[in-house]
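**Q** Sequence and predicted model, in that order:
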Amino acid sequence: MNTRAFALSISITILTGCSEEEPTVPGEALYAVHCIACHGSDGISGHGTDLDDVVPSASNEELTDVITFGIGDMPAIDITDQEALDIVSYLRALFP
């Protein structure tokens, strides 16, 4: 392979995917769509309940119920059971 062809192949490799994105936890995108406005990107900086006070002591079932049916001022979110579990997985990653 000549120098020019080698340089071109390196350039193409760099432009098409050498930068690997960090893996996302299931539910991260759903959290961004449905939860971030009230709870903030970190789960504690929004005007909603600070999730670090709730998530560690709640069961997965309790969290999915709150997500799915709402509680107090928090409205229900119209998502599938699996999507609610994905959000719970994300919350568990944020607040182990």
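**A** Ah, there it is. Since we're looking at a predicted model, the values are computed, not measured.

**Q** Would you mind measuring from the spatially most central residue of the chain to residue 68?
**A** Nearest to the mean C-alpha position of the chain, by C-alpha atoms, centre = their mean, lies residue 28 at 0.9 Å. Here residue 28 is placed at a distance of 18 Å from residue 68 (C-beta to C-beta, to the nearest Å). All C-beta atoms are positioned from the backbone trio N, CA, C, and that covers glycine.

**Q** With residue 27 instead?
**A** Per C-beta to C-beta, residue 27 is found 13 Å from residue 68.

**Q** between those two, who's got more neighbours?
**A** residue 27 (24 against 16; other C-beta atoms under 10 Å).

**Q** How about the contacts made by that one?
**A** 83, 85-91 (C-beta atoms under 8 Å, 6 or more residues apart in numbering).

**Q** ditto for residue 47
**A** Residue 47 makes contact with residue 38, according to C-beta under 8 Å, 6+ apart.

**Q** per-residue confidence for it?
**A** Note on residue 47: pLDDT of 92.

**Q** Any regions of the protein where pLDDT drops low?
**A** For the chain, the stretches flagged by pLDDT under 70 are 1-23.
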